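Student: structure, please.
(2 chains)
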Amino acid sequence: GESVGLHLPTLSVQEGDNSIINCAYSNSASDYFIWYKQESGKGPQFIIDIRSNMDKRQGQRVTVLLNKTVKHLSLQIAATQPGDSAVYFCAENSGGSNYKLTFGKGTLLTVNP
Amino acid sequence: GAGVSQTPSNKVTEKGKYVELRCDPISGHTALYWYRQSLGQGPEFLIYFQGTGAADDSGLPNDRFFAVRPEGSVSTLKIQRTERGDSAMYLCASSSKSGSGNEQFFGPGTRLTVL
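Tutor: Residues are numbered from 1 along each chain as shown, chains lettered A, B, ... in the order given. As a prediction, this is how the structure comes out:
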């Protein structure tokens, strides 16, 4: 029978390289965006967030860029490490909701030592 | 400090059975959320509690699903007459209050398998 697998976009990088993960969000009324990291068998872990009144925000080794014109979000990870290997999800506060998050499909990042 | 905990970590049941999934939020967090995550997909919103009341249960797929939070802390997600399509990871999250910018902290999830 047909096997069901993970049909996630994937990104494979070498340790030490920079990684860029992209996300297209769906609702132009959303005004708060978050990137989550999810390791196998664990719940999503908050990485960084950004509000719609900003177009860039930096954290430790991570930068989020927001382009509201084309409803695009990206996560940049500097000097990627093996421990960064995980599935990365972008999420938006659904249409400006105060509590409901809508998650994107996710990107599987694999870091090769 | 302790994060969000969920029990059991894995639950295998037979089609038609009833299951309960438990979530212990971070102490003092008034907002609690349940999400469901299918393999290869992002989490999908099920229900949101502010205190003891379900402020939004619009994500519950049908009336076989129900959740309670009687004392404003621990929450239980209940699924009646389970179906194979209910198999998924069920995630609970909590935040100190609702509102954009209030980080939702996720638990490790309960993996439900319906045979």
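Student: secondary structure element for the nearest residue to A:Ser30 once chain neighbours are set aside?
Tutor: Nearest residue to A:Ser30, sequence neighbours excluded (C-beta to C-beta, 6 or more residues apart in numbering or on different chains): A:Glu92, at 3.8 Å. The C-beta positions use only the backbone N, C-alpha and C, and glycine is treated the same way. Here A:Glu92 sits within strand A:86-93, counting by DSSP states H and E.
Student: list the buried ones in that strand?
Tutor: In terms of neighbour count (16 or more other C-beta atoms under 10 Å in any protein chain shown), strand A:86-93 has its buried residues at A:Ala86, A:Val87, A:Tyr88, A:Phe89, A:Cys90, A:Ala91, A:Glu92, A:Asn93.
Student: which residues of chain A lie near chain B?
Tutor: Residues of chain A lying near chain B by C-beta under 8 Å from any C-beta of the partner chain: A:4-8, A:31-32, A:34, A:36, A:41-46, A:49, A:51, A:89, A:91, A:93-94, A:96-106.
Student: now, of the residues you listed, which are buried?
Tutor: By the neighbour-count criterion of 16+ other C-beta under 10 Å, these include these buried positions: A:8, A:31-32, A:34, A:36, A:43-44, A:49, A:89, A:91, A:93-94, A:97-104, A:106.
Student: what segments of chain B are helices?
Tutor: With DSSP state H as the criterion, chain B has no helices.
Student: which secondary element of it has the worst mean pLDDT?
Tutor: Across the helices and strands of chain B, mean confidence by mean pLDDT, DSSP states H and E is lowest for strand B:53-56: a mean of 86.
Student: report all helices and strands that it contacts.
Tutor: With contacts taken as 3 or more C-beta pairs under 8 Å, 6 or more residues apart in numbering or on different chains; DSSP states H and E, strand B:53-56 sits against strand B:44-50.
Student: what residues are bridge-paired with the most centrally placed residue in chain B?
Tutor: Taking C-alpha atoms, centre = their mean, the centroid of chain B lies closest to B:Trp34, which sits 3.2 Å from it. B:Trp34 forms beta bridges with B:Ile47, B:Cys92, as assigned by DSSP bridges.
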